[in-house]
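Asks: Just need the structure, nothing else, for what follows:
(chains A and B)
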Amino acid sequence: MVKVYSVEWCGPCNKVKKYLETKGIAYEVITVADAKEDRDIVQEVSGQRSVPVTVINGEVIVGFEKAQIDAALAK
Amino acid sequence: MSKPIKEIDLIIIGAGPAGLTAAIYAARSNLSTLVLEKDVIGGQVRASYTIENYPGFNLIKGNELADRMEAQATHLGAVIDEFDFIENVSLSDEEKIIETGDYIYKPKAVIIATGATPKKLPIPNERKYLGKGIHYCAVCDGAGYQGDVIAVVGGGSAALEESMFLAQYAKKVIIIRRHDYFNGEAKILEAVKNTPNIEIMYNWDLIDVEGEGFVEHAIIQNTKTNEIQKLELKAVFGYIGTEPKTDLFKPYVEMSEAGYILSNESMETNIKGVYVAGDVREKEFRQITTAVADGTIAALKAEHYIRA
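Replies: Residues are numbered from 1 along each chain as shown, chains lettered A, B, ... in the order given. Purely as a prediction, here's the structure:
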């Protein structure tokens, strides 16, 4: 399962989602803006605090990084 | 396997306000128009919290203005591709070639509207703490610092506006400002001064950040007295200006020393049929309004060139 940790109004977050949609990949969105505890999940998963964080086949990708997303999907 | 070749009237590189405005004009002129965008459609506008100096709107959220510009361009028939990245360009008076991951485009004209990107904070630990307390997008990462003390570095309107946004979440926002004045708009500065949980530290400069894995404090230095202080905080957001995104074009297009593309007032570069618009252009004022003006002129000139 692909997971996208994101906030609603962040450009790169929405770009990740749109890209997964163009590839027909189902994903789960974890919206992390509402509480600090939610943001701590981002830190636990990725070791840092920026969004988006995308988890694909165990691979953790910070930001919109097309090449990394493609490589993780191809695994 | 060689890539398919596509001939097209106009390629606009960059989908910020300049590129999208050029796309609106080009599409209305019935030019076949493709806009290529590597990052986010809307550019720096999409990362801005609110905009209060774009005519027609007293106040509009950055992402909403970006959505409106994008919708207008695509509604008129401009195509925006934000997933096919440019790998190579070759620009001359006679021929323009833009090679992406998927295609080789041969446009009759090109508008460069790649814009500018926030400057990195010039401190030794910038890389080490990137995403771990060093940030450049308040609307993306600000909410993570709910109830914390954080800082903003910078002196323009962006620094002030984003401080206002961050003050909604943070316990306290400290603006670290090298000088004893701001370059930002008077209205925003007034609003900042009236926000109880924003503190302005005039004449202080950020020297570095430190912490156990994540930022725990900033080291700042007084620019008048050289006094050093340690500030306990969780994050520093950098808004110290921008730098142009021009690497692809360096071999072809004439640029200023700082890397901005030179043009005349018709947005023409040194290459026939190659125009420049927006923040990437060498000019005095970089505003959304000046970007859309550049985009307009570039598209109209490109149309004349293509139809000549």
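Asks: Tell me, how many residues neighbour residue 69?
Replies: No chain in the question, so chain A it is. Using other Cβ atoms under 10 Å in any protein chain shown as the criterion, residue A:69 is surrounded by 20 other residues. Placement of C-beta: from N, CA and C, glycine included.
Asks: Switch to chain B, please.
Replies: Neighbouring residues of residue B:69 were enumerated by other Cβ under 10 Å; the total is 26.
Asks: Over to residue B:115?
Replies: Neighbour tally, residue B:115, other Cβ under 10 Å: 28.
Asks: what residues are up against it?
Replies: Neighbour list for residue B:115: B:14, B:16, B:18, B:19, B:43, B:44, B:244, B:245, B:278, B:279, B:280, B:291 [criterion: Cβ atoms under 8 Å, 6 or more residues apart in numbering or on different chains].
Asks: can you pull the contacts of the nearest residue in space to residue B:259 that is not next to it in sequence?
Replies: Counting by Cβ to Cβ, 6 or more residues apart in numbering or on different chains, residue B:244 is the residue found nearest to residue B:259 once chain neighbours are left out, at 4.8 Å. With contact set as Cβ under 8 Å, 6+ apart, residue B:244 has these partners: B:114, B:115, B:116, B:255, B:258, B:259, B:260, B:261, B:279, B:280.
Asks: now do 6 Å
Replies: By Cβ atoms under 6 Å, 6 or more residues apart in numbering or on different chains, the contact list for residue B:244 reads B:116, B:259, B:260, B:280.
Asks: and the helix or strand of chain A with the lowest mean pLDDT, C-alpha only, in CSV?
Replies: Sorted by mean pLDDT, DSSP states H and E, the helices and strands of chain A end with helix A:36-46, the least confident at a mean of 83. Presented in CSV, the C-alpha positions along helix A:36-46 are these (Å, rounded to 0.1, in the frame of the first residue of the first chain):
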residue,chain,number,x,y,z
LYS,A,36,1.3,18.2,16.5
GLU,A,37,1.0,14.5,17.3
ASP,A,38,0.2,13.8,13.6
ARG,A,39,3.3,15.6,12.6
ASP,A,40,5.3,13.4,15.0
ILE,A,41,4.2,10.5,12.8
VAL,A,42,6.0,12.2,9.9
GLN,A,43,9.1,12.3,12.0
GLU,A,44,8.8,8.7,13.1
VAL,A,45,8.3,7.5,9.5
SER,A,46,10.9,9.7,7.8
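Asks: got the contact list for that helix?
Replies: For helix A:36-46, the surrounding residues in contact (Cβ under 6 Å, 6+ apart) are A:5, A:32, A:49, A:53, A:60, A:62, B:144, B:146.
Asks: Closest one to residue B:197 out of these, please.
Replies: The shortest gap between residue B:197 and any of these belongs to residue B:146, at 12.4 Å (Cβ to Cβ).
Asks: Hmm, residue B:169 and that closest one touching each other?
Replies: Yes - the pair residue B:146 and residue B:169 passes the contact test of Cβ atoms under 6 Å, sitting 4.7 Å apart.
Asks: any idea how far chain A is from residue B:38?
Replies: Distance of residue B:38 to chain A, given as Cβ to the nearest Cβ, to the nearest Å: 9 Å.
Asks: Not counting residues beside it along the chain, what's closest to that residue?
Replies: Using Cβ to Cβ, 6+ apart and skipping the chain neighbours, the partner closest in space to residue B:38 is residue B:85 (5.5 Å).
Asks: Distance of that neighbour relative to residue B:109?
Replies: Residue B:85 sits 21 Å away from residue B:109, taking Cβ to Cβ, to the nearest Å as the criterion.
Asks: These two: which has the busier surroundings?
Replies: For the pair residue B:85 and residue B:109, the greater number of neighbours falls to residue B:109 (25 against 14), based on other Cβ under 10 Å.
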